[in-house]
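Engineer: take a look and give me a structure for this.
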Amino acid sequence: MEAGLPDRLTRRTPKPKTGMVHLGPGAFFRAFQAIYTADAMAARGGDWGILAVSLKSPTARDQLGPQEGAFTAVELGPQGRNARIVESVTGVLVAPEDPGAVIAAMADPGVKIVSLTITEKGYCHEPATGRLNRSHPEIVHDLAHPDLPQSAPGFLVAALARRRAAGMPPFTVLTCDNLPSNGHLAQGIVIDFARAIDPDLAAWIAAHVPFPATMVDRITPATTEADIDALAQAEGYLDPACVMHEPFRQWVIEDDFADGRPAWEVAGAQFVRDVEAHETMKLRCLNGTHSALAYLGYLAGYQTIAETVADPAYAALCHKLWHDEILPTVPRPEGEDLAAYCAALLDRYRNPGIRHRTWQIAMDGSQKLPQRILGTVRDALAAGRVPTGLCLVVAAWMRYVGGIDETGAPIDVRDPLAGALRAASGSADTPEGKVAALLGVTQVFDPALAADTRLRAGVTDAYVRLAGQGARATVAEWTGAA
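Structural biologist: Coordinates of the predicted model:
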């Protein structure tokens, strides 16, 4: 180590035995499941170390490997920062480098749970229908080469097939991504994939493999070089794997596991029979307004959520969306006060310690919009209400994916359908034409919803206003704020 530079973080305690494999070891996993599991093992013990698997990039392995899986989680509260070292991760595999090693790890009888945070697009499904997308390049590859998978469904099926062939019990598949009925969705995708390879395997998975649904919640902004430098200055060691997160966390889980689980309840997790109401609350109230702030805030030139809601018009946007359009579609989960939940959300958004970028939240909108916005729109229309605020959010997304901001500068749109969306937007010169073309993207919009003249008119009107006067003025006009 050069003089003057801090030492690299090293593990302080012995590694626990591996009892879980996790697909997708990004910042959210480190700030959430890894911490819950560390707390559960500290309180109750158990062999629940987590072997992390990156399905794409070697970055997590390169960051965590030299530190033997240890990393720092930094809580960013309104009053300051609090750092802790987390040591529940036992190692990291990079799937493209050795798919066989990943399958072998998942097939190990000591592994009881395979969990996932792979974002919406990692499920290789059609967001509008929830079904496996058999034309997805990774699915096409994996169906042709099931022993050398690239996708999460491919790895899950390959490992379950090996366990079945060996007469071993299955592992539990625990999805922790922001998808409605995420356990049921993951089960359907995995069984669809398995059925295409071996119908008997698909039947075994359907009969024996639990896919409990979950609701997860903790705001986790992307770690920056400035964050890493600040941690090194404060703690005296270098940790490129560190993560930043807000103080709040909530994990609601259906208690359905094949072969045991960590005592996550001692760390505050809630175990319930049915997570659907909590899931709907979070997807619509938090994720829905997060996306609203992301698109309308970005178009207005705001870089972070805290900066966006500091504008009274955007704080009013949240209040009006919740009160008038979202909460009427949300069943009250057991033990929750929906009005208090939304008030707490706005406080979380205002946390000055969290730099959650609007551009980051705006990523992969084609995968997020059906769950976060369009389900609420569908329910409102079915009840005879036209949700003009959510139509404004859809129009803002359409402006965003067109790839040009309000100053005429290009937008770096990160989305699996970015090319198709920009082509659809560019296929017409008028707001009416652009809206019609984008509503025709069936991977995002269910044709029956897209055909609703009330939705088409509402989105078109909002698009015209955005194009004519800009996002900030349109939000102020809709909310009646100054």
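
Engineer: strands of the protein, start to end?
Structural biologist: 7-8, 18-23, 49-54, 71-77, 80-86, 89-94, 113-116, 172-175, 214-217, 237-238, 243-245, 250-254, 270-272 (DSSP state E).

Engineer: just the helices in the stretch 351-482 of the chain please.
Structural biologist: 358-362, 365-369, 375-382, 388-401, 418-426, 431-439, 447-450, 453-469, 471-479 (DSSP state H, counting those that start in this stretch).

Engineer: let me know the pLDDT of Ile50.
Structural biologist: pLDDT recorded at Ile50 is 98.

Engineer: in the sheet, who's paired with it?
Structural biologist: Met20, Val89 (DSSP bridges).

Engineer: ok so, going back, show me the one of the helices of the stretch 351-482 of the chain that comes nearest Leu321.
Structural biologist: Checking these against Leu321 by C-beta to C-beta gives helix 388-401 as the closest, at 4.9 Å. All C-beta spots, glycine's among them, are computed from the backbone N, C-alpha and C.

Engineer: pull the CA atoms of that closest one into PDB?
Structural biologist: C-alpha atoms of helix 388-401 as PDB (Å, rounded to 0.1, in the frame of the first residue of the first chain):
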ATOM      1  CA  THR A 388     -55.200  12.800 -14.800                       C
ATOM      2  CA  GLY A 389     -52.100  13.000 -12.600                       C
ATOM      3  CA  LEU A 390     -51.000   9.500 -13.500                       C
ATOM      4  CA  CYS A 391     -51.700  10.300 -17.200                       C
ATOM      5  CA  LEU A 392     -49.300  13.200 -16.700                       C
ATOM      6  CA  VAL A 393     -46.700  10.700 -15.300                       C
ATOM      7  CA  VAL A 394     -47.200   8.400 -18.400                       C
ATOM      8  CA  ALA A 395     -46.800  11.400 -20.700                       C
ATOM      9  CA  ALA A 396     -43.600  12.400 -18.800                       C
ATOM     10  CA  TRP A 397     -42.200   8.900 -19.300                       C
ATOM     11  CA  MET A 398     -43.000   9.200 -23.000                       C
ATOM     12  CA  ARG A 399     -41.200  12.600 -23.200                       C
ATOM     13  CA  TYR A 400     -38.200  11.000 -21.400                       C
ATOM     14  CA  VAL A 401     -37.900   8.000 -23.600                       C
END
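
Engineer: next, the angle from that helix to helix 418-426.
Structural biologist: Put simply, helix 388-401 runs at 110 degrees to helix 418-426, going by axes from the mean of the first three to the mean of the last three C-alpha atoms, to 10 degrees.

Engineer: just checking, what packs against helix 388-401?
Structural biologist: helix 288-299, helix 365-369, helix 375-382, helix 418-426, helix 431-439, helix 453-469, helix 471-479 (3 or more C-beta pairs under 8 Å, 6 or more residues apart in numbering; DSSP states H and E).

Engineer: now stretch 263-273: buried residues?
Structural biologist: 263-265, 267, 269-272 (16 or more other C-beta atoms under 10 Å).

Engineer: what are the contacting residues of it?
Structural biologist: Contact partners of stretch 263-273, identified using C-beta atoms under 8 Å, 6 or more residues apart in numbering, comprise 35-37, 39-40, 43-44, 46, 249-255, 278, 334-335.

Engineer: how long is it end to end?
Structural biologist: The first residue of stretch 263-273 is 17 Å away from its last residue (C-alpha to C-alpha, to the nearest Å).
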